[in-house]
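S.K.: sequence first, then the predicted structure, then my questions.
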Amino acid sequence: MTTDFEQRFLEARRAFVRRDFEKLNDRQQEAVLATEGPLLILAGAGSGKTTVLIHRIANLLKYGRASDSDELPEGADEAMLAALKEGGERGLAAARLDPVEPWRILAITFTNKAAGELKERLTRMLGEEGGDVWACTFHSACVRILRREAERLGFPSSFTIYDTSDVKSLMKHVVKDLNLDEKSFAPPMLLGEISRAKDAQIDAQEYLRRARESGDVRRIRIGEVYVEYMRRLFAAGAMDFDDLIAYTVRLLQQDEEVRRYWQRRFRYVLIDEYQDTNHLQYLLSSLLAGGTGNICVVGDDDQSIYKFRGATIENILSFETEYKNARVIRLEQNYRSTGHILDAANSVIRNNLGRKGKELWTKKDRGDPIRLYVADNEHEEAQYVASTILAAYGRGANWRDHAILYRMNAQSNQLEMSFKRNGIPYRIIGGTRFFDRAEIKDVLAYLCVIAAPTDDLRLARIINNPPRGIGARSVELAQELAQREGLCLMEVLRRADAFPELSRASLKMRQFAALMDGLSESAKELQPDALLDELLEKTGYLRMLEEKNTVEDTARAENVRELKTGILSYMKESGDQTLEGYLADVALYSDIDNYDRDADCVVMMTMHSAKGLEFPTVFIVGMEETVFPGIRSIGEPEEMEEERRLCYVAITRAMRELYLVCARQRMIFGRTTANRVSRFVDEIPETCLEKKNVPKGFGYHDRREELGFLSRPPAAKPPAYAPAPPKKKPAPSVTYEVGDQVRHKAFGKGRLVKMMPMGGDFLIEIDFEAIGVKKLMLRVAAMNMEKL
DNA sequence: CGCACCACAATTTTT
DNA sequence: TTGTGGTGCG
């Protein structure tokens, strides 16, 4: 029974803590103050989710469980209560209840970038203490745990991590060595199957056992591949991305001691983007939080767009059944977008069935209507976007305030060309990632082999790169010998003359082994960055790039130099000067981090990559059936819901202006097609839309298919409009020559200083008063400027 | 062994 | 249309 004093004390304490978080809205405060037990925060787009996460951690560090506990501190008396009411230092001392050591808080995000930002904001807000919070990704958390525990699994604590392409090439070898046909046992399919098995916690032996039981020959073969794949990873002391989590989960489940250690270690576990977790990650979270049961997950079921890579929305939908005493808090006030944009987002997502149900609202005005533009084709679509941005820039907007979102990376091409012609600075996010580039993989492979000469997979990658006369046949032979003798590949190379089979290549092999051994020696003396220089020099890798002297190779050499910058900044930031440390880190790194917010550029990316970002003006291009929603999702209700969530994500990136753009016809993969406007456009209320250049009757009016009314494919459906007649680009009606004074819509006044014929058009250079010389294509420039 | 040519396929992406 | 991977020839 609580006494009157207790009541007053608790009330005063809550008020005291709450004072620190006054700037937050009521829901947000609630989420910050509910520290104990399982908590699900359903955070709509733009609802200040990260802010809540940060403040929640701040609350834990400063006040412990004071805001959410009925427990009084030892020796609580009227004097303490008075101090609480008074505030100040003594009040703080009276309020805090078990403040948490920072390293007892585990905050998990999905990307390194998000983890980095979280860390940065924590340090900024809380000083050094904030930096000691474990803010990391699922994978890096597992690596940290496994570095300590790997030996229990028979792995060296210095295990290496194989990334997607390592794993792909390993799988190719396995398929080949098991004499399977690569067509019917395609490596990507096998890897997918293994990944799913790992997610379901079925290990290789178990998989094979079940396959044999079923008698399904194909499944037995796959089981054998799985076993062999795992055997080779283990032999190489390597784990793939799934293994990092699967092994950690297994250890926590099966090893009492390990489990007890880590469950004691973490008092509070927070998981961001919970809608993107898979089953294994769910298990990991609940195991780690299993000590105290203090698990807080933040997510938005409407923003779940990664089902294709194993995320299961179930984790969020069934949180309340998994955790019986769970509290649920909805954050629905949006601080990002105007009313029209939110109306559109709400109306679109409302068409989905499998959701918790949320409605975003804002105190902001309705703002500008959403603009719908129908272009003739993809060129005109790109030109419309470019002209609109030029006009905005002319009115004083920044380039960086504009983002263009598309469904597939392939769509960026036309936009890119159009931007080049118009002289608009742009940046493309995504596409081939830095660490996926061949030259970067090569150089990293060298570093891996220098650090761990037993790494056969990477050794095979570089053994004849640059070409040094050790052909594929010889490598294969050496690999067979290694397998037979139970040696690693490098050992065979070192002793190449002991194997007469290698006759012809043996000298080259010994030379190469000596080269690598020499570099391994240097690695003991040199810092990683200096080692990189030595490696590039001694292996002739840089020379190879320089000699070719093509545009691509110059870019490659540039990338290699960029890698050195990366190594230096790793050494500086982590304080770690070891090669091994860098390599371990780099395996988990991607280059989304390279998104430089300072550069003033228009940003182009897929809708997927845009998640978590916001821009004053957003263009969503390719708003057509078969493009968005993509052809593969049409007729598949589940897939369609995912596309719709993607649409919701895309719309809610916009703060003030949103443009939806589509083309009456478009060339995709070399074929011209005419598509109806996206059904998602139809789901937006007319009152939010301002239509431009939209022909009468142009629209998607047929939802029967999606609703499951069509069991048979419909008879050839007529396009909703006739294809536009091909128009020739208008030649500029005004003629220009060097020396002309012009006024450009975006760049202002300038003088034409150079004209060069190029592909039926002219590349012109204009010296603008405001920004100096700029290169443009005449035809497009002519549309945006006048002669003075 | 290295290079050139042809067939083929082709969302979305992080770790 | 573009890029990649496999095959065949010099």
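M.R.: In hand now; what should we look at?

S.K.: give me the below-cutoff pLDDT ranges for the stretch 651-788 of chain A.
M.R.: A:697, A:701-733 (pLDDT under 70).

S.K.: quick check: residues of it near DNA strand C?
M.R.: Residues of the stretch 651-788 of chain A lying near DNA strand C by Cβ under 7 Å from any atom of the strand: A:667, A:669-670. Yep, even glycine has a C-beta here, placed from its N, CA and C like the rest.

S.K.: how about the stretch 151-300 of chain A?
M.R.: Counting by Cβ under 7 Å from any atom of the strand, the stretch 151-300 of chain A sits next to DNA strand C at A:172, A:182.

S.K.: what separation do you get for the residue in the stretch 151-300 of chain A positioned nearest to DNA strand B and A:Cys142?
M.R.: At 3.3 Å from DNA strand B, A:Phe241 is the closest residue in the stretch 151-300 of chain A, using Cβ to the nearest atom of the strand. Separation of A:Phe241 from A:Cys142 (Cβ to Cβ, to the nearest Å): 9 Å.

S.K.: neighbour count winner among the two?
M.R.: Comparing A:Phe241 with A:Cys142 by other Cβ atoms under 10 Å, the one with more neighbours is A:Cys142, at 25 against 19.

S.K.: contacts only, for that one.
M.R.: By Cβ atoms under 8 Å, 6 or more residues apart in numbering, the residues touching A:Cys142 are A:244-245, A:247-248, A:284.

S.K.: can I get these in TSV with distance to DNA strand B and secondary structure?
M.R.: As requested, the contacts of A:Cys142 are exported to TSV (distance: Cβ to the nearest atom of the strand, whole Å; DSSP: H, G, I helix; E, B strand; the rest coil):
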residue	distance to DNA strand B	secondary structure
A:Leu244	8	helix
A:Ile245	9	helix
A:Tyr247	14	helix
A:Thr248	13	helix
A:Leu284	13	helix
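
S.K.: could you dump those residues to JSON lines with neighbour count?
M.R.: Shown next, in JSON lines, are those (neighbours: other Cβ atoms under 10 Å):
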{"residue": "A:Leu244", "neighbour count": "24"}
{"residue": "A:Ile245", "neighbour count": "22"}
{"residue": "A:Tyr247", "neighbour count": "21"}
{"residue": "A:Thr248", "neighbour count": "29"}
{"residue": "A:Leu284", "neighbour count": "25"}
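
S.K.: now those in a markdown table, with pLDDT?
M.R.: A markdown table is the format used below for those (pLDDT from 0 to 100):
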| residue | pLDDT |
| --- | --- |
| A:Leu244 | 96 |
| A:Ile245 | 97 |
| A:Tyr247 | 97 |
| A:Thr248 | 97 |
| A:Leu284 | 97 |
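
S.K.: what's the closest of those to DNA strand C?
M.R.: A:Leu244 (24.4 Å).

S.K.: that closest one touches A:Ile161, doesn't it?
M.R.: Yes. Applying Cβ atoms under 8 Å, one finds A:Leu244 in contact with A:Ile161, separated by 7.0 Å.

S.K.: could you measure from A:Ser520 over to A:Leu280?
M.R.: From A:Ser520 to A:Leu280 the distance is 36 Å (Cβ to Cβ).

S.K.: so, low pLDDT: which residues of chain A?
M.R.: A:1-2, A:548-549, A:590-598, A:697, A:701-733.

S.K.: what's near enough to touch the residue of the stretch 551-700 of chain A found nearest DNA strand C?
M.R.: Closest to DNA strand C within the stretch 551-700 of chain A is A:Gly670: 2.5 Å, counting by Cβ to the nearest atom of the strand. By Cβ under 8 Å, 6+ apart, A:Gly670 lies in contact with nothing.

S.K.: phi, psi for it please.
M.R.: Dihedral pair for A:Gly670: phi 80, psi 0, per degrees, to the nearest 10.

S.K.: so how far is A:Ala460 from it?
M.R.: Taking Cβ to Cβ, one finds A:Gly670 at 36 Å from A:Ala460.

S.K.: ditto for A:Tyr274
M.R.: For A:Tyr274 relative to A:Ala460 (Cβ to Cβ), the value is 40 Å.

S.K.: which one's more surrounded, those two?
M.R.: A:Tyr274 (29 against 21).
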